[in-house]
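Peer 1: My questions are about this predicted structure, shown below with the sequence.
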Amino acid sequence: MKKISVETFCESYKTKSKGYDKTFEDFMERHITTKYIPVLRKDAFCKEIIHIANHMDNDNHNIVKINSFYGYVGFVMRIIDLYTDIEISFKDGEFINQYDQLNELGAIRDIINHIPEAEYAEFRMICDMELNDLYENEYSTTALLYNLKQSFSLSEEAIGSALEVLANEQNVEQTTE
């Protein structure tokens, strides 16, 4: 399946959308190239969307920082990329400009309306579940207590190792005296 650029789609869309008739419907249907995506593939893409929109690197530490805007735009553009012949670039935030190009014309609404409703709903539901899992796994009381316990366990191990090294050094010093 050959993909077309956002610009090429927008040029054709401008012409075809002047009258919402059979020609326009045929045009929109022609660009919907996928009717079903397997559920595990949907889940993988949802995990990717949630990760990108809710994590950031800070001094080589991956921290959770929620960005609902990127989550929404990323979701919409991934749907368009997966279900149509329109090529979306996810490099360096290009998808934001492509979103604006499509949305300014009203094309996003029309594209979403032509994607099978059950597919869109399932994709949205899986992304919502992944986001809820992130919240639950990172911020619930249970998660916070578990992470705190893990931190203390690591600290206890580190302290125990340090004390053992110190004790060994003292034993070496005492035996050499």
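Peer 2: Yep, it's here. Numbering: from 1, shown residues only.

Peer 1: Can you tell me, leaving aside adjacent residues, what's nearest to the residue nearest the centre of the chain?
Peer 2: Taking CA atoms, centre = their mean, the centroid of the chain lies closest to Ile49, which sits 0.8 Å from it. Once flanking residues are discounted, Ile49 sits nearest to Gly74: 4.8 Å by CB to CB, 6 or more residues apart in numbering. The way it works is simple: take the backbone N, C-alpha and C, and place the C-beta from them, glycine included.

Peer 1: I figured that neighbour hits Phe95, correct?
Peer 2: Yes: assessed by CB atoms under 8 Å, Gly74 is found in contact with Phe95 at 7.0 Å.

Peer 1: What count of nearby residues applies to Glu11?
Peer 2: Other residues near Glu11 come to 12 when the count uses other CB atoms under 10 Å.

Peer 1: What pLDDT does the model give it?
Peer 2: At Glu11, the pLDDT value in this model is 96.

Peer 1: Which element, helix or strand, includes it?
Peer 2: helix 6-16 (DSSP states H and E).
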